[in-house]
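> Pasting the sequence and the predicted model now:
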Amino acid sequence: MPQFKPNGTFGCLLDMKHLAILSLLISIISYSCNEAGTPPDCSGNFACTEVFITIGVDIKNSSGQAVTLDSASVTNQKSGVSHSPSYDSYPDFASYYGIADDADLDDVDYDGTVFLFEGWLEGEKVVSEEFLIGKDCCHILKLEGPKEITLD
């Protein structure tokens, strides 16, 4: 039976620091062996929540006040499909613009699909921002993109 030594090791076994590093390396190597874009195995029984996920962005001015755009559009760069992401009928969300939601699952790649958000004020384009939206077996995920856009 290995004997515990005062320096934190068990005889010839690895000390905890080296064991943690080795575990991390094995995890990275096994993860990196998957091909990019390879979907996870979603055939099992998953406990997906029934929550409907929406990924969006808040538009503010330099003073931090909410800005409602005159018009806005979001385009899925892969499919070319565009929609108008406005929540005008909800005053508390007038400056929030939905980029993608769980209804877009079939149009999003696991490793990400680019969505272009554009917004206009007084006929001038004031926002043009790309978002990388991916998914897991249950919901969409924001991989890249801001939570808030500040206009000058």
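Nice, I can see it.

> From now on I want contacts and neighbour counts done on CA atoms only, so please keep to that.
Fine.

> what about residue 78, neighbour count?
Around residue 78 there are 12 other residues, counting by other C-alpha atoms under 10 Å.

> Could you do residue 75 as well?
By other C-alpha under 10 Å, neighbour count at residue 75 equals 19.

> Contacts only, for it.
By C-alpha atoms under 8 Å, 6 or more residues apart in numbering, the contact set of residue 75 is 81-83, 115-117.

> And it, its phi and psi?
Backbone torsions for residue 75, taken as degrees, to the nearest 10, come to phi -120, psi 130.

> for residue 103, same thing?
Torsion angles, degrees, to the nearest 10, at residue 103: phi -70, psi -20.

> ok, now how distant is it from residue 115?
14 Å (C-alpha to C-alpha, to the nearest Å).

> Also residue 123?
The value you get for residue 123 to residue 115, if C-alpha to C-alpha is used, is 22 Å.

> what lines up beside the longest strand along the chain in the sheet?
When the chain is parsed with DSSP state E, its longest strand is strand 124-135. Strand pairing for strand 124-135, using DSSP bridges, gives strand 113-121 (antiparallel), strand 140-144 (antiparallel).

> before we move on, the earlier item: so between residue 123 and residue 115, which is more surrounded?
Under the neighbour definition other C-alpha under 10 Å, residue 123 and residue 115 were set side by side, and residue 115 has more, 24 against 9.

> mind checking how far the more buried one is from residue 105?
If you go by C-alpha to C-alpha, the gap between residue 115 and residue 105 works out to 13 Å.

> what comes up buried for the helix or strand where residue 58 lies?
Here residue 58, judged by DSSP states H and E, is contained in strand 54-61. By neighbour count, with 16 or more other C-alpha atoms under 10 Å as the criterion, the buried positions of strand 54-61 are 54-60.
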